[in-house]
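>>> Pasting the sequence and the predicted coordinates here, then a few questions.
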Amino acid sequence: DAGVIQSPRHEVTEMGQEVTLRCKPISGHNSLFWYRQTMMRGLELLIYFNNNVPIDDSGMPEDRFSAKMPNASFSTLKIQPSEPRDSAVYFCASSLNGQETQYFGPGTRLLVL
Amino acid sequence: AQSVAQPEDQVNVAEGNPLTVKCTYSVSGNPYLFWYVQYPNRGLQFLLKYITGDNLVKGSYGFEAEFNKSQTSFHLKKPSALVSDSALYFCAVRDDGSWGKFQFGAGTQVVVTP
């Protein structure tokens, strides 16, 4: 199995630009999670989906962040407009039915200048 | 509500010595407990989990963890540490009533010296 795939692996952008992060979960997994990791705040859950439906987006920091899951094999996390404080590593994870082990992707390292 | 604490920011151990990384938790229901490891510039990798059954759980790379309900702890252990075990370790908890939502600890940096 290829595992969870994320793209891009690195993104450098300027403040105010739109950023789109992409995730392909493990085939057969029906739950998908977006996390953000920073030195100051550690690992934070932003949003998670079950069967392509957002279940809990209470961790999304503000309206500049949005996430979609148009089908079982693809999800995006969008930041518009981006700000320097959004600089972090963003992880996608997937699991079976949300109750089992979560498997993480390699992450996208985002730097907003 | 659920929470997890990793009381040590860093653990230093000499290669060949036993390694212990501490984790305590609080949940309102029955706990589902996990350990993950993160190497530099990598995603989190699953090590082991406790859902039910035997309190001693064995996982990847020679790691094991003991579930202690009375002390609400789930410490990670390895009898003989390797330099390659140097990494960031995360404990995570979910109670059986909170579908999908894991609570991760702050992480413990393990440094194994030759």
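Okay, I see it. Numbers count the residues shown, from 1 in each chain, chains lettered A, B, ... in the order given.

>>> Show me the shaky parts of the chain.
Picked chain A for this. Scanning chain A for pLDDT under 70 picks out the ranges A:1, A:99.

>>> not quite, I wanted chain B
Scanning chain B for pLDDT under 70 picks out B:97-100.

>>> How about the residues of it by chain A?
Within chain B, the residues that sit near chain A (Cβ under 8 Å from any Cβ of the partner chain) are B:32, B:34, B:36, B:41-46, B:49, B:90, B:94, B:99-102, B:104-107. Using the backbone N, CA and C atoms, a C-beta is placed for each residue, glycine as well.

>>> ok, now with 7 Å
Contact residues, chain B versus chain A (Cβ under 7 Å from any Cβ of the partner chain): B:34, B:42-44, B:46, B:49, B:90, B:99-102, B:104, B:106-107.

>>> For chain B, what is the nearest residue in chain A?
Residue nearest to chain B within chain A: residue A:98 (3.4 Å; Cβ to the nearest Cβ).

>>> Can you say which of the residues of chain B next to chain A are buried?
Buried subset of the residues of chain B next to chain A (neighbour count, 16 or more other Cβ atoms under 10 Å in any protein chain shown): B:34, B:43, B:44, B:46, B:49, B:90, B:100, B:101, B:102, B:104, B:106, B:107.

>>> possible to save the residues of chain B next to chain A as TSV with secondary structure?
Output for the residues of chain B next to chain A, formatted as TSV (DSSP: H, G, I helix; E, B strand; the rest coil):
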residue	secondary structure
B:34	strand
B:42	coil
B:43	coil
B:44	strand
B:46	strand
B:49	strand
B:90	strand
B:99	coil
B:100	coil
B:101	coil
B:102	coil
B:104	strand
B:106	coil
B:107	coil
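
>>> Max pairwise distance over the residues you listed: which two?
Greatest spatial distance in the residues of chain B next to chain A: B:42 and B:99, 27.5 Å, computed using Cβ to Cβ.
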